[in-house]
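Q: after the sequence you'll find the predicted model.
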Amino acid sequence: MAKQARILTGRVAAITGGGRGIGKATAQALLRQGMKVGIGDIDLAAAQEAAKELGGGTEAFGLDVTRRESMAAFLDGVEEKLGPVDVLVNNAGIMQLGAFLAEDDATTQRQIDINVSGVLYGMKEVLPRFLDRKTGHLVNIASTAGKAGFPGGATYCGTKHFVIGLSEAVRAELRETPIEVSCVMPGVVNTELAAGLKEARGVRNVNPEDVADAIVEALRHPRFDVFVPKSIGPINKILGLLPRGGREAFARALKADQVLAGADPNARRAYELRAARSEPALDPGEGEKQLTP
């Protein structure tokens, strides 16, 4: 007999990078389930605009995920306004593409600070709260790029490998507790982050709402591996059975090796500029900031 779905009504979710894209779509999906939602984004104006649009008592907060004290203040703010956090969705992230040897150190460090440290700080701040209350669900947004190395996005792939490995290890550490951990691994999602990307054979691009629906499903029926679309799961299993040469040949046959490397730089120009300006050390007057996939 299938386990009864968990009821989400009245529970509180905190979402990083919630001003746009997957974060905003997830907030909307959780609101439809009757949850209370707090969204954090380094672009406070975007978060406030999203909260106003979403309604349902959504609260907006400024959040710099590269600073642990900012993450703590975000969670404190959500709990003050909405109540104890039941779900944290670590969503904030950036992806800057290009040949590895052409990537400057600032670009490398920026992706590590946001995609790696941002997830670490979220986990370190929320998990003690979950453990104290003996309840909670951690959702880390990784990527299919965390399951293999794709040319043209070496650093991004590395950061997402980290998120998957970290999530797996912490889940094992929490095995004897009631805390749930889910790792969401989308393919190409139709957001600004994916502007100009090619499409792999046999794997359709998805929309932010598809990822949001998968997150809702994972909260209602807890599981660790959350592939979006679901077809990526069987493909990943097949690849895991093949020797390295076979995996690489299979990826080439699907043209997966061209998804990032063959991205259209003109189509990505606006996003790449915005991602570069997400560096928290920059003067806010220099341009709009964005952390949201």
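A: Yep, that arrived. Residues are numbered from 1 along each chain as shown.
Q: make it CA atoms for all contacts and neighbour counts henceforth
A: Will do.
Q: okay, buried residues for the top helix by length along the chain please.
A: Counting by DSSP state H, the longest helix found in the chain is helix 154-173. By neighbour count on 16 or more other C-alpha atoms under 10 Å, the buried set for helix 154-173 is 154-164, 166-168, 171.
Q: cool, and stretch 133-145?
A: Neighbour-count burial for stretch 133-145 [16+ other C-alpha under 10 Å]: 135, 136, 137, 138, 139, 140, 141, 142, 143, 144, 145.
Q: now the helices: where do they sit in the stretch 51-200 of the chain?
A: Secondary structure of the stretch 51-200 of the chain (DSSP state H, counting those that start in this stretch): helices at 68-82, 105-111, 118-133, 154-173.
Q: measure the nearest residue to residue 225 once chain neighbours are set aside to residue 108 for me?
A: Distances taken as C-alpha to C-alpha, 6 or more residues apart in numbering place residue 183 nearest to residue 225, at 5.5 Å, with adjacent residues excluded. Distance, residue 183 to residue 108, by C-alpha to C-alpha, to the nearest Å: 23 Å.
Q: quick one: which of those two has more around it?
A: residue 183 (27 against 16; other C-alpha atoms under 10 Å).
Q: can you add mean pLDDT and give the helices of the stretch 51-200 of the chain back as TSV?
A: Output for those, formatted as TSV (pLDDT from 0 to 100):
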stretch	mean pLDDT
helix 68-82	98
helix 105-111	95
helix 118-133	98
helix 154-173	98
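Q: need those helices in CSV (columns: distance to residue 28).
A: Below are these laid out as CSV (distance: least, C-alpha to C-alpha, whole Å):
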stretch, distance to residue 28
helix 68-82, 16
helix 105-111, 27
helix 118-133, 21
helix 154-173, 24
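Q: now the buried residues of stretch 133-145 as a markdown table including pLDDT and distance to residue 264?
A: Shown next, in a markdown table, are these (pLDDT from 0 to 100; distance: C-alpha to C-alpha, whole Å):
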| residue | pLDDT | distance to residue 264 |
| --- | --- | --- |
| 135 | 97 | 44 |
| 136 | 98 | 41 |
| 137 | 98 | 37 |
| 138 | 98 | 34 |
| 139 | 98 | 31 |
| 140 | 98 | 28 |
| 141 | 98 | 24 |
| 142 | 97 | 23 |
| 143 | 96 | 20 |
| 144 | 92 | 20 |
| 145 | 92 | 18 |
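Q: no more questions from me, cheers.
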